[in-house]
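# This is a predicted model, with the sequence first.
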Amino acid sequence: MADGPILVLAATGGQGGAVTGALLGRGARLRAMVRDPRRKAARELADQGVEVVAGSLSDHGSLVAAMRGAAGVFAFTTPFEAGVDAEVAQGRAILSAARETGVPHLVFSSVAGADRRSGVPHFDSKAHIEAELVSGDVPYTILGPSYFFDNALGGARRILGGVLDLPLPPDRPLQQLARPDLGAFAAEVLVNPAPYVGRRIELAGDAPTPAQMAAVLSEVLEREVRHEEVPLAAIGDPDMHAMWTFLNGPGYSVDIPALHQAHPEIHWTGFADWAYRTFAAAR
């Protein structure tokens, strides 16, 4: 790996925070780009010896300043603030800054299934960024995380009330991933890039069905949690409707046994482990 710090963009967000934590655990030199260095999470990083810089995913100038001299970059884009066109613009700003500064290795966090013409808007926007990354001259690795376990927390109140809402049949497996496992995998790729440059790797830790998830949550909470299948017609947001249509159809296709066998250095959290850590205190 080249000299210089590893740069994590959006370093206090869900994915960026997981990558930052994993890199700190490995003793890596770290630079973190955040919107506001005065916020508590950013100050805590600075207290741990991280070089904290201010910047925005859509601001070319701040990206250039943050990337200059970096040994590698972890990049993440989001459509959930200003839409998919804004996400593609973020990707272009990141790639332009990476070219301008000669970044030796860019790790882009996309999504599993983005390369399959899914018709899901926030998959397709990432696919557009992937295509520009692959056709350019910046050395890259693309990671494709599947559905995060933590997404269930949007319905935590309903789960605690005994209902797991998911727009899937009870016996339909849903490939999922713990954010710390994404962080650990990204950290490995950033610290040891040679085996990964030019590759696209999809990630999942487990594939429980909604019925299995409800059974685990029932055991953890020591009271019944039942799965309730949300009708696709009830999902008003077009992007989320398209995503759940995809997950009811072709779905993710991570070869989980092969992935885990190839990467035994990752803990690979199962749904049950995640549920116990997350909900045990709510008994």
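The structure has been received and is ready for your questions.
# Now do the same contact list for the residue of the chain positioned farthest from its centre.
If you look at how far each residue of the chain sits from its centre, by CA atoms, centre = their mean, the farthest one is residue 223, at 31.0 Å. Contacts here follow CB atoms under 8 Å, 6 or more residues apart in numbering; on that basis residue 223 touches residue 162. Backbone N, C-alpha and C define where each C-beta goes, glycine included.
# now residue 164
Neighbour list for residue 164: 152, 155, 158, 210, 213, 214, 217, 225, 226, 227, 228 [criterion: CB under 8 Å, 6+ apart].
# go with 7 Å
Taking CB atoms under 7 Å, 6 or more residues apart in numbering as the contact definition, residue 164 lies against 210, 213, 214, 217, 225, 227, 228.
# And these, which of them are buried?
Neighbour-count burial (16 or more other CB atoms under 10 Å) is assigned, among the contacts of residue 164, to 210, 213, 214, 217, 225, 227.
# Tell me if I'm right that the fifth one and residue 217 touch.
Yes - under the criterion of CB atoms under 7 Å, residue 225 lies in contact with residue 217, with a separation of 4.1 Å.
# shared neighbours of the two, anything?
159, 164.
# Checking the nearest residue to residue 266 once chain neighbours are set aside next. Helix, strand or coil?
Sequence neighbours aside, residue 184 is the residue nearest to residue 266 in space, at 5.2 Å (criterion: CB to CB, 6 or more residues apart in numbering). When states are read from DSSP: H, G, I helix; E, B strand; the rest coil, the local structure at residue 184 comes out as helix.
# all helices of this protein, in order?
When assigned using DSSP state H, the helices of the chain occupy the ranges 14-25, 40-47, 60-67, 84-101, 121-135, 156-160, 179-191, 210-221, 238-248, 256-262, 271-279.
# and residue 108, which of the ones you listed is closest to it?
Nearest of the helices of the chain to residue 108, taken as CB to CB: helix 121-135 at 5.9 Å.
# List the contacts of the closest one.
The contact list for helix 121-135, computed with CB under 7 Å, 6+ apart, reads 77, 79, 84, 87-88, 91-92, 95, 108, 110-111, 113-115, 140, 142, 239, 242.
# Pull out the buried residues from that helix.
Buried residues in helix 121-135, defined by neighbour count with 16+ other CB under 10 Å: 121, 122, 123, 124, 125, 126, 127, 128, 129, 130, 133.
# between that helix and helix 84-101, how big is the angle?
Angular relation of helix 121-135 and helix 84-101 on a 0 to 180 degree scale: 20 degrees, by axes from the mean of the first three to the mean of the last three CA atoms, to 10 degrees.
# Now do the same for residue 84: its pLDDT.
Model confidence at residue 84, given as pLDDT, is 89.
# now the stretch 1-150 of the chain, which segments are flagged as low pLDDT?
By pLDDT under 70, the weakly predicted segments of the stretch 1-150 of the chain are 1-2.
# switch the cut-off to 90
Flagging of the stretch 1-150 of the chain using pLDDT under 90 yields the residue ranges 1-3, 12-13, 57-58, 78-84, 86, 117.
# picking that back up, just name the closest of the buried ones among the contacts of residue 164 to residue 31, please.
Using CB to CB, residue 213 comes nearest to residue 31 of the buried ones among the contacts of residue 164, at 37.8 Å.
# Number of residues surrounding residue 165?
When neighbours are defined as other CB atoms under 10 Å, residue 165 has 15 of them.
# same thing with residue 80?
10.
# swap in the one 5 residues further on?
Residue 85 has 12 neighbouring residues, counting by other CB under 10 Å.
# Please report how far it lies from residue 97.
Residue 85 is 19 Å from residue 97, where distance means CB to CB, to the nearest Å.
# Same check on residue 270?
Applying CB to CB, the value for residue 270 to residue 97 is 38 Å.
# Check residue 8 too.
Using CB to CB, one obtains 14 Å as the distance from residue 8 to residue 97.
# before we move on, the earlier item: comparing residue 270 and residue 97, which shows the higher neighbour count?
Set side by side, residue 270 and residue 97 show more neighbours around residue 97, with 26 against 17, by other CB under 10 Å.
# which residues sit in contact with the more buried one?
By CB under 7 Å, 6+ apart, the residues touching residue 97 are 60, 63, 64, 67.
# separation between the closest residue to the third one other than its chain neighbours and residue 252?
Distances taken as CB to CB, 6+ apart put residue 97 closest to residue 64, at 4.6 Å, once the chain neighbours are dropped. Between residue 97 and residue 252 the distance is 30 Å, computed by CB to CB.
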